[in-house]
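In: Let's see this in three dimensions:
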Amino acid sequence: MPDTVVMTGKSLTLTLGATEYHQQTTLARVTSEPVTEEVAPLGVDPVTVYTGTRRTLSLTALQDWPETGSLCKMLEDAANTGEVLAFELELTNAAGASATASGTCQGVAVPFGGEAGVLTSEVVLPVLTYAIAYAAGA
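Out: Numbers count the residues shown, from 1 in each chain. Coordinates of the predicted model:
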């Protein structure tokens, strides 16, 4: 039986469009939840039916508004224009094996400001398309 290698998330790379944002992000996670609907056929008690999966891309990032290549500005611009963003989130373990979640998401407005000190923003982007790919390590 092969050794189990745990993904620690210590090597996590987030790419939106063609730009890597691993230095600005302190959390990047795709979350999935089932979507259900209550159906009530004639003469029968209602039943709950699974209709699919809703996914979101959650980010916690440093506010980098005035910087060139700002993640906050890019997400805000996408929210204002309706631009759909390509994303890629890669986790790599110590042996070099990786899992990469990729797809498209909708841009959202980013909170501005907060408590004094290191300013971060938390955003949740609706995922429109999604896939996972795996690669073996060395």
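In: mind listing the strands in this protein by residue range?
Out: For the chain, the strands defined by DSSP state E cover 11-16, 19-20, 25-39, 47-62, 84-92, 98-106, 120-135.
In: will you turn the ones you listed into JSON lines that also has distance to Ser70 and mean neighbour count?
Out: C-beta coordinates here come from the backbone N, C-alpha and C atoms, glycine included. Below are the strands of the chain laid out as JSON lines (distance: least, C-beta to C-beta, whole Å; neighbours: other C-beta atoms under 10 Å):
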{"stretch": "strand 11-16", "distance to Ser70": "12", "mean neighbour count": "18"}
{"stretch": "strand 19-20", "distance to Ser70": "10", "mean neighbour count": "13"}
{"stretch": "strand 25-39", "distance to Ser70": "13", "mean neighbour count": "13"}
{"stretch": "strand 47-62", "distance to Ser70": "10", "mean neighbour count": "15"}
{"stretch": "strand 84-92", "distance to Ser70": "14", "mean neighbour count": "18"}
{"stretch": "strand 98-106", "distance to Ser70": "18", "mean neighbour count": "17"}
{"stretch": "strand 120-135", "distance to Ser70": "11", "mean neighbour count": "14"}
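In: JSON lines for the ones you listed, including mean pLDDT and distance to Met74?
Out: Listed next are the strands of the chain as JSON lines, based on pLDDT from 0 to 100; distance: least, C-beta to C-beta, whole Å:
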{"stretch": "strand 11-16", "mean pLDDT": "77", "distance to Met74": "7"}
{"stretch": "strand 19-20", "mean pLDDT": "88", "distance to Met74": "7"}
{"stretch": "strand 25-39", "mean pLDDT": "91", "distance to Met74": "12"}
{"stretch": "strand 47-62", "mean pLDDT": "92", "distance to Met74": "11"}
{"stretch": "strand 84-92", "mean pLDDT": "89", "distance to Met74": "8"}
{"stretch": "strand 98-106", "mean pLDDT": "91", "distance to Met74": "12"}
{"stretch": "strand 120-135", "mean pLDDT": "94", "distance to Met74": "11"}
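In: Torsion angles phi and psi at Ser70?
Out: Dihedral pair for Ser70: phi -60, psi 130, per degrees, to the nearest 10.
In: ok, and the closest non-adjacent residue to it?
Out: Once flanking residues are discounted, Ser70 sits nearest to Asp64: 4.7 Å by C-beta to C-beta, 6 or more residues apart in numbering.
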